[in-house]
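> Sequence first, predicted model second:
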Amino acid sequence: MKIIILLFSAFFAAVLQKASPEIGAVGIKLPLLQGVVVYYALTRRADMTLAAGLVAGLLHDALSLMPLGYSVLCFCAVGIVANRFRDVVFNESFLTIAFFGAVFAAVGTAALGAALRYGGVMEVGWGRIFLKAGGEAIAGLVCAPLIFRVLAGMDRLTGNAPRRREPIDAEIRYSGI
Amino acid sequence: MRERRYIFISIAVIAAIVLLNLSGAVSRHAKTAFREAVAPFDNFFSGSAARLKESFGVLTASPDSRKAGRQADEELFRLRQLPNEIAALQRENTALREQLGFARRITMNLILGEVVSRGDASGWWEIVGLDKGAEDGVSEDMAVMTPEGLVGKTVTAAKHTCDVLLITDRNCNVSARTTRGGNFGIVRGLGGSSSAAGGGSAPLCVMEQLSAQADVKEGDEVVTCGLGGVFPKGLKVGTVVAVATDKTGMHKTAVVKPAADLSRIEYVFVVASRAESGSDRRENGKAR
């Protein structure tokens, strides 16, 4: 069931991200797929984080002109770093989720931009990379808490997480999943 | 526990390396499969967003927009008469060409497609999605146009959908020439225009590699020159809106406004094939 929920959430995040309008001149998209990876990085073990990074990255690459593997590498790398350091920063507050969402979106976008630039896939200047990363950080700040709410609800509904009335991140963040 | 983490990280790294090193054909097939799976949902969400926008527009319609609607109806009526006029002109044109000894110059097989989505998942490229794909005869690297002018080229083609890279994208290069003076150059997008997102700002391109002595002025028309094999010769690209000399002083650069309104395109033609007539072949032979 955990894998089904991961696939389902990543699939719909990808569809919504593609259908969402671009914001601003540098093409800022709502980082919904990154939000899914952030959720798994902050609430699950490394294996599920990497699985989320793999699925989200594959969908991200397939629905854009990016070569397969670029987003997988970036999402998995940033996801595993977030998973590793979550206990250092994570203090179970709503703002922390937003913070992680923003950082993940910004670092992920900047890493992808650099990969595209140095991989010779497209001509992109550092100015655009930084502007896009900044814009996506703001979008991630807003999106990540919403994605947390939705995915936590889905996990509770399907029995992947205990049904308890506690602050959102305390409810979904537990060991053993 | 720590060992397990490293095992998963190793698996992920290996998976990423394998994906990055997939051959072009395998990678294309994998992407096509993903796109096919997502396409119905993507069309549904994009269509819903467009309908919502349309409904909102009707609700907030001002007297001016109602007047514009009436004018559009009148124009539509006039346009319905147009095919008859065009047929008459075509007959006349054919007769005159035959008298002059010219055959028909270019035969283009056009596939009509509807824009069903705008932008990609990453936001790095300016693309639009069409409802026509490989089964309709669309493949990669085909020119896409509207009656007003060039739109871009197809970059991916799934079974029932395809993606079109707009000429305003920085990665879209079109070999072109000015109709007045015949100066050759490369037109590429300036990007960042939100044209793929349906934004209101005017997307622009830039014509580079013009010689310093090139006679290019504001208002000059730019058309494709047919080099490169993707874009047929003679398609209108746009109009020059500004000219400047680059830092080295060896080349001129012209800012070009695309002829097609890329932020509002709904229907486009994909140029599926192009048959050359005898006179065209002769001209190309001379050029070589």
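On my side now, so go ahead.

> Can you classify B:Val271 as helix, strand or coil?
The assignment at B:Val271 comes out as strand when based on DSSP: H, G, I helix; E, B strand; the rest coil.

> Local confidence estimate at A:Ala152?
Listed pLDDT for A:Ala152 reads 86.

> Settle this for me: it is touching A:Thr158, isn't it.
No. Counting by C-beta atoms under 8 Å, A:Ala152 stays clear of A:Thr158, with 11.2 Å between them. Heads up, the C-betas are built off the backbone N, CA and C, glycines and all.

> So these two - more neighbours on which side?
Using other C-beta atoms under 10 Å in any protein chain shown as the criterion, A:Ala152 and A:Thr158 rank with A:Ala152 on top: 19 against 13.

> What is the end-to-end distance of stretch B:163-181?
34 Å (C-alpha to C-alpha, to the nearest Å).

> List the buried residues in the strand or helix carrying A:Val15.
Using DSSP states H and E, A:Val15 falls within helix A:2-19. By 16 or more other C-beta atoms under 10 Å in any protein chain shown, the buried positions in helix A:2-19 come out as A:2, A:6, A:9-19.

> What is the burial count for residue 72?
I went with chain A, as the question did not name one. Other residues close to A:Val72 by other C-beta under 10 Å number 28.

> The intended chain is chain B.
Counted with other C-beta under 10 Å, the neighbours of B:Ala72 add up to 11.

> contacting residues around it?
B:Ala72 makes contact with no residue, according to C-beta atoms under 8 Å, 6 or more residues apart in numbering or on different chains.

> Please tell me how far it sits from B:Leu79.
Applying C-beta to C-beta, to the nearest Å, the value for B:Ala72 to B:Leu79 is 10 Å.

> Please apply the same query to B:Arg35.
Between B:Arg35 and B:Leu79 the distance is 35 Å, computed by C-beta to C-beta.

> Which of the two has more residues huddled nearby?
It is B:Arg35, of B:Arg35 and B:Leu79, that has more neighbours when counted by other C-beta under 10 Å, with 23 against 9.

> That one falls within a helix, correct?
Yes. The assignment for B:Arg35, made by three-state DSSP, places it in a helix.

> Please list all residues in contact with the residue nearest to it when sequence neighbours are not counted.
Leaving aside its chain neighbours, B:Arg35 sits nearest to B:Ala158 (4.5 Å; criterion: C-beta to C-beta, 6 or more residues apart in numbering or on different chains). By C-beta under 8 Å, 6+ apart, the contact set of B:Ala158 is B:Thr32, B:Arg35, B:Glu36, B:Ala39, B:Gly133, B:Ala134.

> Low-confidence ranges, chain B, go.
B:1-2, B:49-51, B:53-63, B:66, B:77-78, B:81, B:98-107, B:192-202, B:273-288 (pLDDT under 70).

> In it, spot the strand with the most residues.
Counting residues, the longest strand in chain B under DSSP state E turns out to be strand B:106-118.

> Is the residue lying closest to A:Leu63 once chain neighbours are set aside inside a helix or a strand, and which specific one?
Distances taken as C-beta to C-beta, 6+ apart place B:Ala121 nearest to A:Leu63, at 3.7 Å, with adjacent residues excluded. B:Ala121 belongs to no helix or strand when assigned by DSSP H and E.

> ok, now B:Val187?
Under the criterion of DSSP H and E, B:Val187 resides in strand B:184-189.

> could you turn whatever helix or strand comes next after that strand into CSV, dropping everything but the C-alphas?
Sequence-wise, the next helix or strand downstream of strand B:184-189 (DSSP H and E) is strand B:205-211. Output in CSV follows, covering the C-alpha atoms of strand B:205-211 (Å, rounded to 0.1, in the frame of the first residue of the first chain):
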residue,chain,number,x,y,z
CYS,B,205,13.3,36.4,-31.1
VAL,B,206,16.6,37.6,-32.2
MET,B,207,18.2,37.2,-35.6
GLU,B,208,22.0,36.7,-35.2
GLN,B,209,24.9,36.2,-37.6
LEU,B,210,23.9,39.0,-39.9
SER,B,211,26.9,40.6,-41.5
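
> quick check, distance from strand B:205-211 to the centre of its chain.
Relative to its chain's centre, strand B:205-211 lies at 19 Å (C-alpha atoms, centre = their mean, to the nearest Å).

> what's the following helix or strand past it packed up against?
Later in the chain than strand B:205-211, the nearest helix or strand by DSSP H and E is strand B:221-224. Judged by 3 or more C-beta pairs under 8 Å, 6 or more residues apart in numbering or on different chains; DSSP states H and E, the packing partners of strand B:221-224 are strand B:173-178, strand B:236-245.

> between the last one and strand B:184-189, what angle do the directions make?
Note on geometry: by axes from the mean of the first three to the mean of the last three C-alpha atoms, to 10 degrees, strand B:236-245 and strand B:184-189 are set 100 degrees apart in direction.

> so where do the helices sit in chain A?
A:2-19, A:32-43, A:46-62, A:70-89, A:94-118, A:126-157, A:168-172 (DSSP state H).

> Go through those and pick out the most buried.
Ranked by mean neighbour count under mean count of other C-beta atoms under 10 Å in any protein chain shown, the helices of chain A are led by helix A:32-43, which reaches a mean of 30.

> Render the CA-only coordinates of that one in CSV, please.
Coordinates of each C-alpha in helix A:32-43 appear next as CSV, following Å, rounded to 0.1, in the frame of the first residue of the first chain:
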residue,chain,number,x,y,z
LEU,A,32,4.7,19.5,-6.5
LEU,A,33,6.9,16.5,-7.4
GLN,A,34,9.7,18.0,-5.2
GLY,A,35,7.0,18.3,-2.5
VAL,A,36,6.3,14.6,-2.7
VAL,A,37,10.0,13.8,-2.3
VAL,A,38,10.2,16.2,0.7
TYR,A,39,7.3,14.5,2.4
TYR,A,40,9.0,11.1,2.1
ALA,A,41,12.4,12.5,3.1
LEU,A,42,11.0,14.0,6.3
THR,A,43,8.7,11.2,7.3
